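*Asks:* prediction below, plus the sequence it came from.
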There are 2 protein chains.
Amino acid sequence: MSQNAFDQKKASILDEINSPQPDLSPKGSIDELCIPIMELINSHKDMVTTSSCSGRVSVFVEGTKHYNEEIKVGGKGQGGRWLFVSHDETNVVGWLDRLEQDSMAENIIVNIGNVEDVSKFDGSHRYILYKYEPFILHVKCRDFDVASKLYNTAMDCGFRESGIGSNNLVAIRINIKLDVPIGYLDETSNQLILFVTEQYIKLLDNITLAKFNDNAKKINQLFNKIEHDIIKDSGIGSTMEKKLTETKEERRQRKRREGLERQELLNQANNNDL
Amino acid sequence: MSQNAFDQKKASILDEINSPQPDLSPKGSIDELCIPIMELINSHKDMVTTSSCSGRVSVFVEGTKHYNEEIKVGGKGQGGRWLFVSHDETNVVGWLDRLEQDSMAENIIVNIGNVEDVSKFDGSHRYILYKYEPFILHVKCRDFDVASKLYNTAMDCGFRESGIGSNNLVAIRINIKLDVPIGYLDETSNQLILFVTEQYIKLLDNITLAKFNDNAKKINQLFNKIEHDIIKDSGIGSTMEKKLTETKEERRQRKRREGLERQELLNQANNNDL
């Protein structure tokens, strides 16, 4: 990718990020917690964020497991669906109560405890999985040197599952997870059956809250390290400091101004390409 | 790294792999299931495997969580210990019974059910975690082009958490996981307390067996894809086919022969460096 192609790609991505239209993620918008670190990274001329998730809790019913030739893993499959998903820790407590209320309406019943012997169940059942998935960020870099520097910074900071992919795209990943089967879909009665107690669910919720907390601390630590090791080194730090102390209204105005600048840059890049 | 430096590193790594001495992993030897894919990869002149795990089940007591400035994640910490760990699926069933027998001797008691209200527990407790972790393989490549090809092959095969790190080291990772808090260490009484039922543990064991199975299929799929897309392309396929049909005795003899060849190569590399 030529330098100009990177600049064009970056301008186009930033344009999308700053557009009032919903993005292509299921949620349709960028998670609040990701914004500072994304802005920090995007303030560097050689990097642009391409996708992000700040961390989330979810309760998922696995789809049908038609293995055939292809092996499906990770609970995906036809008919899989979320019972609950949130990037906001304030939604964690009470999700089960809310689900039970919804389920009444949908004629799906959540039974707690008192179920048949599950010790004979195997991999073929459609389980209900309670998951916590941490922060993940993809960053496209201008060249391999920049990708390497970002990768090393993330690894040093404990994001040990990071890696560089094709086209200098760095995936920043950390291992803060929960992956717990809490029930199953009884396909005969179409009932959702939990085989753990309500007390155990509350315990999982508490552990999830602690994980949201650990996760936020790690994002912050990564922000500081990227700022110190990459941004300040290239002399772009002062702009970011300004951004972090601005008011909401100042931010709104800056975003509009930057949007116009980006549009201008994008037009230029397009014109250069003609 | 110059070509010669890569060859020297490769010879030295292969020498270690084939040494009768225990390696540096906690287990001290290479997992059976990894051997065919490792041999396949190592049969290519531009790649060498540097570490591997075929997939494992474990039950782990978290260490003390002294956070201080540093944030610890993933359950590590001082005093953390395994209650059970195995790379062999035939050890899965019955681990709890065996642990209870051992624990009697150590004056640690496993209580099942009938415990205090755990719904108020939070992130500060030392939990007992039941984990399944899938196959992981690190492969050092001669240059970035080879690393890229291996990375793309792994990604195409569903190893979606793969990545290239520093020095063309490719980490091949997949997301087949379990991460379930099943109890805690009561630090006052030094008792291990399970807050799930024995029936639920048996269910986890069954899910783990299914994951061992999925994992083995994915390793096999990766083997075939690497053989087809990388090894056969470079015309080294026929050697591997021979290896896969050989008897145990033939393998022993080949290993000895290859060991001598490697030793010779290593000596040459060392001499070239003098």
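*Replies:* Ah, there it is.

*Asks:* just checking, A:Y130 touches A:L194?
*Replies:* No: using CB atoms under 8 Å, A:Y130 is not in contact with A:L194, being 9.8 Å away. For glycine as for every other residue, the C-beta is placed from the backbone atoms N, C-alpha and C.

*Asks:* give me the more crowded residue out of those two.
*Replies:* Comparing A:Y130 with A:L194 by other CB atoms under 10 Å in any protein chain shown, the one with more neighbours is A:Y130, at 27 against 19.

*Asks:* and the residue of chain A nearest chain B?
*Replies:* As assessed by CB to the nearest CB, chain B sits closest to A:G163 within chain A, at 1.0 Å.

*Asks:* what residues does the nearest residue to that residue once chain neighbours are set aside make contact with?
*Replies:* Leaving aside its sequence neighbours, A:G163 sits nearest to B:G163 (CB to CB, 6 or more residues apart in numbering or on different chains; 1.0 Å). Shown in contact with B:G163 (CB atoms under 8 Å, 6 or more residues apart in numbering or on different chains): A:161-165, A:171, B:151, B:170-171, B:173.

*Asks:* before we move on, what about A:S29?
*Replies:* A:22-23.

*Asks:* how many neighbours does A:K177 have?
*Replies:* The burial count for A:K177: 18, using other CB under 10 Å.

*Asks:* which residue packs closest to it, ignoring adjacent ones?
*Replies:* B:D179 (5.0 Å).

*Asks:* in three-state terms, label that neighbour for me.
*Replies:* strand (DSSP: H, G, I helix; E, B strand; the rest coil).

*Asks:* doesn't A:N175 make contact with it?
*Replies:* No: in terms of CB under 8 Å, B:D179 does not count as a neighbour of A:N175; the distance is 9.1 Å.

*Asks:* farthest-apart pair in the contacts of B:G163, please.
*Replies:* Greatest spacing in the contacts of B:G163, by CB to CB: A:E161 and B:Y151 (14.3 Å).

*Asks:* who's more crowded, these two?
*Replies:* Set A:E161 next to B:Y151 and count neighbours by other CB under 10 Å: B:Y151 wins out with 25 against 20.

*Asks:* and that one, how far from chain A?
*Replies:* From B:Y151 across to chain A, the span is 7 Å (CB to the nearest CB, to the nearest Å).

*Asks:* higher neighbour count, B:D179 and A:N175?
*Replies:* Higher neighbour count among B:D179 and A:N175: B:D179, with 19 against 16, using other CB under 10 Å.

*Asks:* where do the strands of the stretch 1-150 of chain A begin and end?
*Replies:* Listed in chain order, the strands of the stretch 1-150 of chain A (DSSP state E, counting those that start in this stretch) span A:47-61, A:81-86, A:110-112, A:127-141.

*Asks:* make a markdown table out of these and add distance to A:H228 and mean pLDDT.
*Replies:* Formatted as a markdown table, the strands of the stretch 1-150 of chain A follow (distance: least, CB to CB, whole Å; pLDDT from 0 to 100):
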| stretch | distance to A:H228 | mean pLDDT |
| --- | --- | --- |
| strand A:47-61 | 15 | 96 |
| strand A:81-86 | 32 | 92 |
| strand A:110-112 | 48 | 70 |
| strand A:127-141 | 17 | 97 |
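
*Asks:* so which of the ones you listed is nearest A:V118?
*Replies:* That would be strand A:127-141 among those, by CB to CB, at 10.1 Å.

*Asks:* list the residues that contact the spatially most central residue of chain A.
*Replies:* Centroid-nearest residue in chain A, with CA atoms, centre = their mean: A:C53, separated by 1.7 Å. Listed by CB under 8 Å, 6+ apart, the contact set of A:C53 reads A:25, A:31, A:34, A:87, A:133, A:135-137.

*Asks:* which of those residues are buried?
*Replies:* A:31, A:34, A:87, A:133, A:135-137 (16 or more other CB atoms under 10 Å in any protein chain shown).

*Asks:* identify the bridge partners of the residue nearest to the centre of chain A.
*Replies:* In this entry, A:C53 is beta-bridged to A:I136, by DSSP bridges.

*Asks:* ok, it to A:D15 distance?
*Replies:* Distance, A:C53 to A:D15, by CB to CB, to the nearest Å: 21 Å.

*Asks:* now swap in A:Y130 and tell me
*Replies:* 37 Å.

*Asks:* and for A:D117?
*Replies:* 57 Å.

*Asks:* who's more crowded, those two?
*Replies:* A:D15 (14 against 10).

*Asks:* circling back: neighbour-wise, give me the winner out of the contacts of B:G163.
*Replies:* B:V170 leads the contacts of B:G163 on contacts (other CB under 10 Å) with 28 neighbours.

*Asks:* pretty sure that residue contacts B:H138?
*Replies:* Yes: with contacts counted by CB under 8 Å, B:V170 reaches B:H138, the gap being 7.1 Å.

*Asks:* what's the burial count for A:N190?
*Replies:* Should you count by other CB under 10 Å, A:N190 turns out to have 11 residues around it.

*Asks:* can you pull the pLDDT of it?
*Replies:* pLDDT recorded at A:N190 is 83.

*Asks:* for A:L260, same thing?
*Replies:* 71.

*Asks:* shouldn't it be within a helix?
*Replies:* Yes: under three-state DSSP, A:L260 falls within a helix.

*Asks:* mind listing what it touches?
*Replies:* A:L260 neighbours (CB under 8 Å, 6+ apart): none.

*Asks:* ok, now how distant is it from A:D15?
*Replies:* In terms of CB to CB, A:L260 sits 11 Å off from A:D15.

*Asks:* pLDDT below threshold where in the stretch 101-250 of chain A?
*Replies:* A:104-108, A:111-116, A:235-248 (pLDDT under 70).

*Asks:* can you give me the helices for it?
*Replies:* A:144-156, A:198-226, A:237-245, A:248-273 (DSSP state H, counting those that start in this stretch).

*Asks:* and chain B, is the second one touching that?
*Replies:* So that's helix A:198-226. Yes: on the criterion CB under 8 Å from any CB of the partner chain, helix A:198-226 is in touch with chain B at A:198-200, A:202-204, A:206-207, A:209-211, A:213-214, A:217-218, A:221.

*Asks:* for stretch A:87-105, same thing?
*Replies:* No: Stretch A:87-105 does not reach chain B (CB under 8 Å from any CB); its nearest approach is 10.7 Å.

*Asks:* what residues does that stretch touch?
*Replies:* So stretch A:87-105 is in contact with A:27, A:31, A:33, A:53-57, A:59, A:83-84, A:86, A:109-110, A:192, A:198, A:201, A:205, A:208-209, A:212-213, going by CB under 8 Å, 6+ apart.

*Asks:* ok, of those, which come out buried?
*Replies:* Using 16+ other CB under 10 Å, the buried ones in the contacts of stretch A:87-105 are A:31, A:33, A:53-57, A:59, A:83-84, A:86, A:110, A:192, A:201, A:205, A:208-209, A:212.
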